[in-house]
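1. sequence-free structure coming up:
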């Protein structure tokens, strides 16, 4: 055992070949290629809700077995309690203030290489399998697919209205997709990222977990995710890939579960949402059964994986390789920085924290300091401005911000409300969002009205209520709520767009025009807003302005038939019959069964004095409508 420990210590920080040498000393079977590396992120997984971390109310045999074969880090902390932000840090080794992905749909800049891109340079075959649409690289996670040969996005047009397949995939589906890809791409080495979303709310585990854990469904989701992971491990063993692979399992963030009154996650930086499990199985199961109690970070994962692959270290990084800990002899804590800009969505202050040397400091409008030796649940705020720990933490946070200078980084604002004062509203807003997703509009409306009782000027509640009324067809009430939301938050492009929709449906075309113009000034690249604004200008009998907007819409989406038809209608209204004919003739060849095209062609031909062509186009439109009516009988 002493020889084995020495080999591991010697190999710390060195390429995969050294790990193979250690393996050779035990098995005389050196690996011929770099190891497969499997990164498994389990969404919303608290460390203290995993069996091998001491929690007795859940069974996680697959994670427990991996811990026996690998190294379990008892004190690992995430850079952010939000899925996209946290995963961006896991995939780049950078803090959110550096990589800039501080919210959903914020692109991951090409300036920041991902682990997949770095491993591609080492001839790795790469693939990613995601469990939620929020990580879809075409929509809510742009840039996350860089470096992956295959990225398993969600279908652009899902064949189901169910949450499963449209918003979320069960963990078993995710791993089966990963297994199928591995089977069809046997040549290695491989880097696979597998994302299991199941523990995220709403907590709806499938049977038998829904029954076994009926009184604590969050744990049921964890048990089910563990079973999906077990399926993946079993596949790796059958395929002969398990032993010489490196497997890294980590939670992206935790879950509030009511602690500090936070039902879910994203708002606060307490350990309930930042403390995550981290287990690393090395090739050949080196250092099997090692437990590391030193504090580490999820930003340490990229440097560790690069070490295992024998790849050069990143010049710009917030983390360091975990290899010094593999022998279980290093006990040095690493300072853990966490941040959340998610409160900014609601008009509240962002938060930053430092967890170091048994204390936690949280920079907020009302700052917080916790002695973790005496107060692990973080219940007793000891903040004093002159406390040496506060001074040290602020200096370290300032140093981090200075390193991130020149990148997308949101400054803290003491003028915004402290999230601690808004957590009841946040819980209600989240409940409303889930109810809306589940097609329970009355429940969503009730939650939003409770928010407005707490804060009549909540821009998020006003906007969501406006969107609910818009969907329900109460356009006057929708417009009222959305205009109120804009009064509170005039830079909300989405609220302005929805206000434009509601006002147009209410036949207030001038109001719709103003709202849509506002929306497009804030966010010029919106195709639906351009299209609707062009149609509104047509209704206002301003064909020149309509043509301007609709030409912009066609530039944004050249294949849109609706935009092309609206543009032709605007051209006809403005007397540009020749341009309309040219466009409509081309469109009629591509869409020969569209009656609306031939209706407009008839008008354009008539405007040019081409009576015979106009008659033929009109007759064609009548015939197409008659055929459609027969099919619909």
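-> That came through, no problem. Small disclaimer: the values here were computed from a predicted structure and weren't measured. Residues are numbered from 1 along each chain as shown.

2. how about residue 46, what does it touch?
-> By Cβ atoms under 8 Å, 6 or more residues apart in numbering, the residues touching residue 46 are 251, 254-255, 257, 272-273, 275-276. Where you see a C-beta, it was placed from the backbone N, CA and C, and this is true even at glycine.

3. try it again with 6 Å
-> By Cβ atoms under 6 Å, 6 or more residues apart in numbering, residue 46 lies in contact with 254-255.

4. in terms of pLDDT, where does it sit?
-> Model confidence at residue 46, given as pLDDT, is 98.

5. with residue 405 instead?
-> 65.

6. the one 3 residues further on now?
-> At residue 408, the model reports a pLDDT of 44.

7. also the one 3 residues further on?
-> pLDDT for residue 411: 52.

8. wouldn't residue 431 be in contact with residue 448 here?
-> No. Applying Cβ atoms under 6 Å as the test, residue 431 and residue 448 come out as separate, 9.3 Å apart.

9. SS state for the closest residue to residue 333 other than its chain neighbours?
-> Closest residue to residue 333 apart from its sequence neighbours, by Cβ to Cβ, 6 or more residues apart in numbering: residue 295 at 4.0 Å. Following DSSP: H, G, I helix; E, B strand; the rest coil, we place residue 295 in the strand state.

10. looks like residue 295 contacts residue 332 (just checking).
-> No. Under the criterion of Cβ under 6 Å, residue 295 is not in contact with residue 332, lying 8.8 Å apart.

11. more crowded one of these two?
-> More crowded of residue 295 and residue 332, by other Cβ atoms under 10 Å: residue 295, with 21 against 9.

12. which residues touch that one?
-> Counting by Cβ under 6 Å, 6+ apart, residue 295 touches 75, 333-334, 336.

13. derive a ChimeraX selection command for the buried subset of those residues.
-> Entered in ChimeraX, the line below selects the buried ones among the contacts of residue 295, by 16 or more other Cβ atoms under 10 Å:
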select :75,334,336
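
14. need the max-distance pair from the contacts of residue 295.
-> The span of the contacts of residue 295, defined through Cβ to Cβ, is set by 75 and 334 at 9.5 Å.

15. re earlier: pick out whichever of residue 431 and residue 448 has more residues nearby.
-> Legend: neighbour count by other Cβ under 10 Å for residue 431 and residue 448, higher for residue 448 (28 against 21).

16. looking at this, the more buried one is in a helix?
-> Yes. Checked against three-state DSSP, residue 448 lies within a helix.

17. hang on, it packs against residue 460?
-> No. Using Cβ under 6 Å, residue 448 is not in contact with residue 460, being 8.7 Å away.

18. what ranges do the helices span in the stretch 151-300 of the chain?
-> Using DSSP state H, counting those that start in this stretch, the helices of the stretch 151-300 of the chain run over 163-166, 171-184, 209-212, 217-238, 271-274.

19. tell me which residues in the fourth one are buried?
-> Of the residues in helix 217-238, 217-233, 235-236 count as buried by neighbour count, 16+ other Cβ under 10 Å.

20. which neighbouring elements make contact with that helix?
-> With contacts defined as 3 or more Cβ pairs under 6 Å, 6 or more residues apart in numbering; DSSP states H and E, the secondary structure elements packing on helix 217-238 are helix 61-69, helix 171-184, helix 209-212.
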